[in-house]
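[1] what follows is a protein structure lacking sequence information:
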């Protein structure tokens, strides 16, 4: 398996896992759980894995400098705490499908950050891929824009877009750190920081009794921890190491199409011809950018 194909597979695994996150959240919310409690349960269930990997990699790797720790803390706060809690809040107002549309502006933001602040080139092929992918995503979700209360769409959309900005900054900053520390070590440390901040947020804003939730909430939180946190986080880090953050984020644009399928299957969300046509355009964009 060469670097490109291996990176593509890892990026798609990450996209699959992260696409399921919105579905798990929507399945848990009817039981009355709030956003920070649900996020805390997700992170708590994932904590043992990241703690084990982080401690093991810390022993095997070189010591981090003060600057390294500052970057890990900043990126951990942005990527899996800041982006996550904003996304969880946004999903209280808008559908899973519309959430994916807005959240998946992050590949464009990641590319722009690389071009504007990191001196990276922007190729015509990447431009064509972006046009195809975002045209497809727009076609797939345009029917959702007319649904629901306008205020809810505005508030939820703003929260999810802020999540997208935070995640794009995380992806852009993670490339150099992954090159220095390794994908698994950096991912584990960033997740440990995110978990600590999430637990602090929960402790400061919620009573201890909020930990007691209906059994299905624990089940969906555990599923989110395994399939939408542990597996995709490590897959994403490994993909970034092989492909770089910009190309990895482009491959991740298959995520909204996966969410359409999961939403239809698990949430009974309708599937339209516009969505199917959008899926074709997104696949075309991914094929364009994946060509050597």
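    Structure's in. What do you need? What you see is a predicted model; the values in this text were computed from it and never measured. Numbers count the residues shown, from 1 in each chain.

[2] any weak-confidence spans in the stretch 101-250 of the chain?
    Residues of the stretch 101-250 of the chain meeting the criterion pLDDT under 70: 140-150.

[3] and the helix or strand where residue 115 lies, which residues are buried?
    Taking DSSP states H and E as the criterion, residue 115 maps to helix 106-117. Buried residues in helix 106-117, counted by 16 or more other C-beta atoms under 10 Å: 106-111, 113-114. Just so you know, the C-beta spots here come from the backbone N, C-alpha and C atoms, and that holds for glycine as well.

[4] out of those, which is nearest to residue 70?
    Proximity of the buried residues of helix 106-117 to residue 70 (C-beta to C-beta) peaks at residue 113, which lies at 18.9 Å.

[5] state the three-state secondary structure for the closest residue to that closest one other than its chain neighbours.
    Excluding its sequence neighbours, the residue lying closest to residue 113 (C-beta to C-beta, 6 or more residues apart in numbering) is residue 172, at 4.3 Å. Three-state assignment for residue 172 (DSSP: H, G, I helix; E, B strand; the rest coil): helix.

[6] same question for residue 94.
    Classified using three-state DSSP, residue 94 is coil.

[7] now it: phi and psi?
    phi -130, psi 170 (degrees, to the nearest 10).

[8] list the residues that contact it.
    Neighbouring residues of residue 94 by C-beta atoms under 8 Å, 6 or more residues apart in numbering: 102, 148, 152-153, 156-157, 160.

[9] could you report the distance from it to residue 101?
    9 Å (C-beta to C-beta, to the nearest Å).

[10] cool, residue 175 as well?
    Applying C-beta to C-beta to residue 175 and residue 101 gives a distance of 25 Å.

[11] quick one: contacts for residue 133?
    107, 250, 253, 281-282, 285-286.

[12] now the buried members of these.
    Here, 16+ other C-beta under 10 Å leaves 107, 250, 253, 281-282, 285-286 buried among the contacts of residue 133.

[13] could those residues be laid out in TSV, adding secondary structure and distance to residue 130?
    Formatted as TSV, these follow (DSSP: H, G, I helix; E, B strand; the rest coil; distance: C-beta to C-beta, whole Å):
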residue	secondary structure	distance to residue 130
107	helix	7
250	helix	7
253	helix	9
281	helix	11
282	helix	11
285	helix	7
286	helix	11
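
[14] of all the residues you listed, which two lie farthest apart?
    107 and 281 (14.4 Å).
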